[in-house]
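Visitor: fold the following, please.
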Amino acid sequence: MFEYFSQERRSASGRKTLLIVVAVILAAAALTLVLPENVEDYGAASLIPAVFLIVYIFATQRIIEALTLASLLGFIMVSRPVTVGGGNWAVNIFNSFSEGILGVMMSEDIAWLIIVCGLMGSLIALIEKSGGAYAFGQWISGKAKTKKASLLWTWFLGLVIFIDDYLNSLTVGSCMTKLTDQHRVPREFLSYIVDSTAAPLCVIIPISTWAVFCSRILEANGWAPSGEGLRYFIKTIPFNFYGWMAAICVPLVIIGIIPVFGPMKKAFKRVEEGGTLAPPDSDKIDIRAGKDDIIYENPRMMNLFAPIIVLVGGTIILGFNMQMGVLLTMAFVFVFYLAQGVMSPEEFTDVALEGLKNMIMPLLLMVLAFLFADVNNRIHFTLYVINTATKYVTPQLMPLVVFIALAITEFITGTNWGMYIIALPIVIPLAQSIGCDVTLAVSAVLSAGVFGSHICFYSDATVITSAATGCNNFDHAITQAPFGLMCAGVSALLFLIAGFVMN
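Guide: Below is the predicted model:
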């Protein structure tokens, strides 16, 4: 099957793609003739953009193209270009699409992503330039002398940097890539380890940006009293089964208790046969591309750890505000590196801009993912799935049903925090009304968000990890998916058992 999809990708042409685009537009425009007048009544039709997206991604492996077309399909459904009385339907489509893009770009979430991820790209580039990451690589290479040791060190470093999933992925990925390359580890496997100690860990540790965000959502939806959101979040930690399973699975795979299987096994075979460490097209997303041959005059580990300490400490002290933490760290490294004579002010600016430029591809993917999520919200995709899944649910089955339904929707939309905002106001009162344990129901929502973020092809976690480790995000997602699905299966079983024990 994968060979067929790869052949489809290689045989793609401009004319073929153009025909597909025209067909999608015309089919979607014709679809509006049979859709109900009110978007709230679309029902199962709200699944169409999501189904198209998944099929197109697997058929072509072109994620940017898939997100753009799926979003366009959704906006055609929203704008209803073909109506009684006519009108300029082409203008309706592009007005709707344009307004959607503008709305997403002006949203606080995207502004935050551009500032934080962009400056994190700059920070990684500056640390690379200072020789800090190189010095750490040289030091740890003396400690990790085998492939297995290098991977366990990667997992351990991921456990230590738990404050935020972006910080975790970017720091661990950029620091450990060179070491694992020396031991001929496929980039797909490195990406799996890094990704599995990012979001999954943040949802089971109360000192993280995820904990703060979730605490506020729990207060806003009336389950946790004002000021006690964190205490209620801590209640969910033992039942965030997917976070636990994903984090525990990693060392079991590294030491061989759980064997490598599926597409990941093919990645190992490619490397063992003398193939490339990274899958094709990885250089497009790799924030470290072309930087392996740099010679450092006086590399020091403090040029890596001092900025990380400031970033983590600043983020915590400033109220778990990642944006403020990054800004503070950029100011710190400017003074710190210039005082050492590591670089001049002009070099600092040039390197920072180069790092920002390296994040353009990941940011574009995330903007398109948010655009797709936005149009799904407009056609009530998530609400339809939740309402359908929970219509006849019992207190005992609710945690399992919520986890499965939201895991699927989150895998498709790829916006974990956005899903929490939509789902928790529905799940919390529903659980209270039918007598389901609210802690367990909320845990199912949180676990579903982590699962979707973990294995979605275009989620922020997948994209950021791919950029940091230099691994094509499609190949990263497809090789990681079997392990994620395995953990999701165990988590579903645990939610089923807990549902009967606690209700």
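Visitor: among the helices and strands of the chain, which has the poorest mean pLDDT?
Guide: Here the helix or strand of the chain ranked lowest by mean pLDDT, DSSP states H and E is helix 2-10, holding a mean of 46.
Visitor: so which elements touch the helix or strand that it is followed by?
Guide: Sequence order places helix 14-31 as the next helix or strand after helix 2-10, per DSSP states H and E. With contacts taken as 3 or more Cβ pairs under 8 Å, 6 or more residues apart in numbering; DSSP states H and E, helix 14-31 sits against helix 63-79, helix 89-105. Using the backbone N, CA and C atoms, a C-beta is placed for each residue, glycine as well.
Visitor: let's see 10 Å
Guide: With contacts defined as 3 or more Cβ pairs under 10 Å, 6 or more residues apart in numbering; DSSP states H and E, helix 14-31 has these neighbours: helix 48-60, helix 63-79, helix 89-105.
Visitor: pull out the buried positions in the helix or strand that the last one is followed by.
Guide: Going back to what we said before, that points to helix 89-105. Counting by DSSP H and E, the element after helix 89-105 in chain order, helix or strand, is helix 108-130. Buried positions in helix 108-130, judged by neighbour count with 16 or more other Cβ atoms under 10 Å: 110, 113-114, 116-130.
Visitor: what does stretch 388-402 give?
Guide: Ala389, Thr390, Val393, Pro395, Gln396, Leu397, Met398, Pro399, Leu400, Val401, Val402.
Visitor: just the ones in helices from these, please.
Guide: Ala389, Thr390, Met398, Pro399, Leu400, Val401, Val402 (DSSP state H).
Visitor: ok, now how distant is Ile140 from Val172?
Guide: 12 Å (Cβ to Cβ, to the nearest Å).
Visitor: now for the two: what residues contact both?
Guide: Trp153, Thr154, Leu157 (Cβ atoms under 10 Å, 6 or more residues apart in numbering).
Visitor: so Asp437 sits right up against Val402, yeah?
Guide: No. Here Asp437 does not reach Val402: they are 11.7 Å apart, not a contact under Cβ atoms under 10 Å.
Visitor: which residues are in contact with each of these two?
Guide: Ala431, Ser443, Gly499.
Visitor: now for the last one: which residues touch it?
Guide: This points to Gly499. When contacts are taken as Cβ under 10 Å, 6+ apart, Gly499 is in contact with 393-403, 436-437, 440-441, 444.
Visitor: of those, which one scores lowest on pLDDT?
Guide: In terms of pLDDT, Val393 ranks lowest among those, with 85.
Visitor: excluding chain neighbours, what is closest to that one?
Guide: Spatial nearest neighbour of Val393, excluding adjacent residues (Cβ to Cβ, 6 or more residues apart in numbering): Val401 at 5.0 Å.
Visitor: can you list the domains in the chain?
Guide: 2-105, 108-361, 362-502 (automatic domain parsing).
Visitor: how far does the longest one sit from its chain's centre?
Guide: Spelled out, it's domain 108-361. Centre-to-centre, domain 108-361 and its host chain are 13 Å apart (Cα atoms, centre = their mean, to the nearest Å).
Visitor: how long is that domain end to end?
Guide: End-to-end distance for domain 108-361: 20 Å, by Cα to Cα, to the nearest Å.
Visitor: list the contacts of Glu410.
Guide: So Glu410 contacts 373, 382, 416, 418-420, 423, 445, 447-456, 459 (Cβ under 10 Å, 6+ apart).
Visitor: which SS class is it?
Guide: At Glu410, secondary structure determined by DSSP: H, G, I helix; E, B strand; the rest coil is helix.
Visitor: number of nearby residues for the residue lying closest to it once chain neighbours are set aside?
Guide: Spatial nearest neighbour of Glu410, excluding adjacent residues (Cβ to Cβ, 6+ apart): Gly452 at 2.5 Å. Using other Cβ atoms under 10 Å, Gly452 has 27 neighbouring residues.
Visitor: let me know the pLDDT of Gly452.
Guide: Taking Gly452 on its own, its pLDDT is 84.
Visitor: is it true that it touches Gly414?
Guide: Yes. Taking Cβ under 10 Å as the definition, Gly452 is a contact partner of Gly414 at 6.6 Å.
Visitor: joint contacts of the two?
Guide: Counting by Cβ under 10 Å, 6+ apart, the residues touching both Gly452 and Gly414 are Ser459, Ala461.
Visitor: rewinding a little: and of the ones in helices among the buried residues of stretch 388-402, the nearest to Gly489?
Guide: Leu400 (11.6 Å; Cβ to Cβ).
Visitor: surely that closest one touches Leu406?
Guide: No. Using Cβ under 10 Å, Leu400 makes no contact with Leu406, being 11.2 Å away.
Visitor: who touches both of the two?
Guide: Ala444.
Visitor: okay, the closest residue to Phe97 other than its chain neighbours: pLDDT?
Guide: Excluding the flanking residues, the one nearest Phe97 by Cβ to Cβ, 6+ apart is Phe75, at 4.6 Å. pLDDT, Phe75: 88.
Visitor: same check on the one 5 residues further on?
Guide: At Arg80 the predicted local distance difference test score is 68.
Visitor: with Thr465 instead?
Guide: 90.
Visitor: run a quick neighbour tally on it.
Guide: Neighbours of Thr465 (other Cβ under 10 Å): 33.
Visitor: that one and Leu170 touch, don't they?
Guide: Yes. At 8.5 Å, Thr465 counts as touching Leu170 under the criterion of Cβ under 10 Å.
Visitor: overlap of the contact sets of these two?
Guide: In contact with both Thr465 and Leu170: Val194, Ala198, Pro362, using Cβ under 10 Å, 6+ apart.
Visitor: show only the entries of those residues found in helices.
Guide: Val194, Pro362.
Visitor: ranking the shared contacts of Thr465 and Leu170 by neighbours, who comes first?
Guide: Val194 (33 neighbours).
Visitor: how near is that one to Ile161?
Guide: 10 Å.
Visitor: what do those two both touch?
Guide: Asn168, Ser169, Leu170, Thr171, Val172, Cys175.
Visitor: export these to JSON lines and tack on pLDDT?
Guide: Shown next, in JSON lines, are the shared contacts of Val194 and Ile161 (pLDDT from 0 to 100):
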{"residue": "Asn168", "pLDDT": "82"}
{"residue": "Ser169", "pLDDT": "85"}
{"residue": "Leu170", "pLDDT": "80"}
{"residue": "Thr171", "pLDDT": "81"}
{"residue": "Val172", "pLDDT": "85"}
{"residue": "Cys175", "pLDDT": "81"}
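Visitor: sorry, back to before: and the contacts of Glu410, which are buried?
Guide: 373, 382, 416, 418-420, 423, 445, 447-456, 459.
Visitor: now the longest helix seen in the chain against helix 63-79, angle please.
Guide: Using DSSP H to define each element, the chain has its longest helix at helix 473-502. Going by axes from the mean of the first three to the mean of the last three Cα atoms, to 10 degrees, helix 473-502 is angled at 60 degrees with respect to helix 63-79.
Visitor: for helix 473-502, the distance to its chain's centre please.
Guide: 16 Å.
Visitor: contacting residues around Ile76?
Guide: 24-32, 49, 82, 89, 92-93, 96-97, 375.
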